[in-house]
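Student: Pasted the sequence and its predicted model underneath.
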Amino acid sequence: MQRTILVAEDDADIVELIKLYLESEGYRVLTAGGGDEALKIVERQHIDLAVLDIMMPGLNGFQLTRAIRQRYDLPIIILSAKNADSDKILGLELGADDYLTKPFNPLEIIARVKANLRRSYQLNQRRRGEADRRQVQVGQLVLDTHALTVKKDGREIALTPTEYKILAHLMGAPGRIFTKVQLYEAVCGSYFEGDENTMMVHISKLRDKLEDDPKEPRYIKTVRGLGYKIERPQKD
């Protein structure tokens, strides 16, 4: 099935470059020169993945990410000349799945699009045996691998596709330590330089949603110098 990619960017040369490479890979590409136009496209057509610039007319990339994430769970890649950590963190906190800075290699965009589509539309092949179980439980967290939902104390918690994949991987092996690189490769299928910081942001957002006190996590533990693991709390 042909996937549809939305590219929202006000630089016509960049749009044409990205479109050329995506179409050469068999994707259907829709383009928008501003945030308002992009949001209308998302509302009217089925979009499998969006690539969004930050600085563009109308809604900027951050505002557009927030607007899309409120109603849709499609993967979002932010493409921007802003390379400060604060901008990357903001984009990921608003619901973006990935962040790529300009100037960029078009082949890396292709690789990230493929990785994010795999993450969004396929269950992790390495955890197929775990996925056959309808529910995986750690403490008060219950992950339903059929409905693709997560509940805590019976209350459903809204997660992005990336957050769900990370949690599913951790919950599939309680007590096992995963490095940031291992987690990123497990949920994305590939790893790029700088993605360790991206994983740290995703873990932070998961803690905000899952933990009673994110500063004193009971579930997702940091193992200094190694990575992360999920544990069953002592008191449940």
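Tutor: Looks like it came in fine. Nothing here was measured: the structure is a model prediction, and the numbers come from that model.

Student: Can you name the residues that contact the residue most central in space within the chain?
Tutor: The centroid of the chain falls nearest to Asp97 when counting by Cα atoms, centre = their mean (2.7 Å). Asp97 is in contact with 75-77, 116, 119-120, 160-162, counting by Cβ atoms under 8 Å, 6 or more residues apart in numbering. Glycine gets a C-beta too; all of them are placed from N, C-alpha and C.

Student: Can you tell me which of the residues you listed has the most neighbours?
Tutor: Highest neighbour count within these: Ile76, with 29 neighbours (other Cβ atoms under 10 Å).

Student: Excluding chain neighbours, what is closest to that one?
Tutor: Take Ile76 and drop its neighbours on the chain: the residue closest to it by Cβ to Cβ, 6 or more residues apart in numbering is Ala96, 4.6 Å away.

Student: cool, Gln63 as well?
Tutor: Of all residues not flanking Gln63 in the chain, Gly35 sits nearest, at 6.3 Å (Cβ to Cβ, 6+ apart).

Student: burial of that neighbour, as a residue count?
Tutor: Around Gly35 there are 25 residues (other Cβ under 10 Å).

Student: so what pLDDT did it get?
Tutor: pLDDT, Gly35: 93.

Student: Backbone torsions only: list them for the residue nearest to the centre of the chain.
Tutor: Main-chain dihedrals, Asp97, degrees, to the nearest 10: phi -90, psi -20.

Student: try Arg69
Tutor: Arg69 adopts backbone torsions of phi -70, psi -20, taken as degrees, to the nearest 10.

Student: next one: the one 5 residues further on
Tutor: Note on Leu74: its backbone torsions stand at phi -70, psi 150 [degrees, to the nearest 10].

Student: Return the distance of it relative to Glu23.
Tutor: 19 Å (Cβ to Cβ, to the nearest Å).

Student: how far out from the middle of the chain is the helix or strand hosting Glu43?
Tutor: Assigned by DSSP states H and E, Glu43 falls within helix 35-44. Offset of helix 35-44 from its chain centre (Cα atoms, centre = their mean, to the nearest Å): 20 Å.

Student: for the chain, what spans make up the helices?
Tutor: Along the chain, counting by DSSP state H, helices occupy 12-24, 35-44, 61-71, 85-93, 106-121, 128-131, 161-171, 180-188, 195-210.

Student: List of residues touching the fifth one?
Tutor: Put plainly, it is helix 106-121. 3, 5, 17-18, 20-22, 25, 27, 48-49, 51, 73-75, 77, 79, 97-98, 100, 161-162, 165, 187-190, 192.

Student: Buried subset of these, written for PyMOL?
Tutor: A single PyMOL command is used to select the members of the contacts of helix 106-121 judged buried by 16 or more other Cβ atoms under 10 Å:
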select buried, resi 3+5+17+18+21+22+27+48+49+51+73+74+75+77+79+97+98+100+161+162+165+187+188+189
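
Student: Do I have it right that Asn83 meets Tyr99?
Tutor: No: counting by Cβ atoms under 8 Å, Asn83 does not reach Tyr99; the two are 9.2 Å apart.
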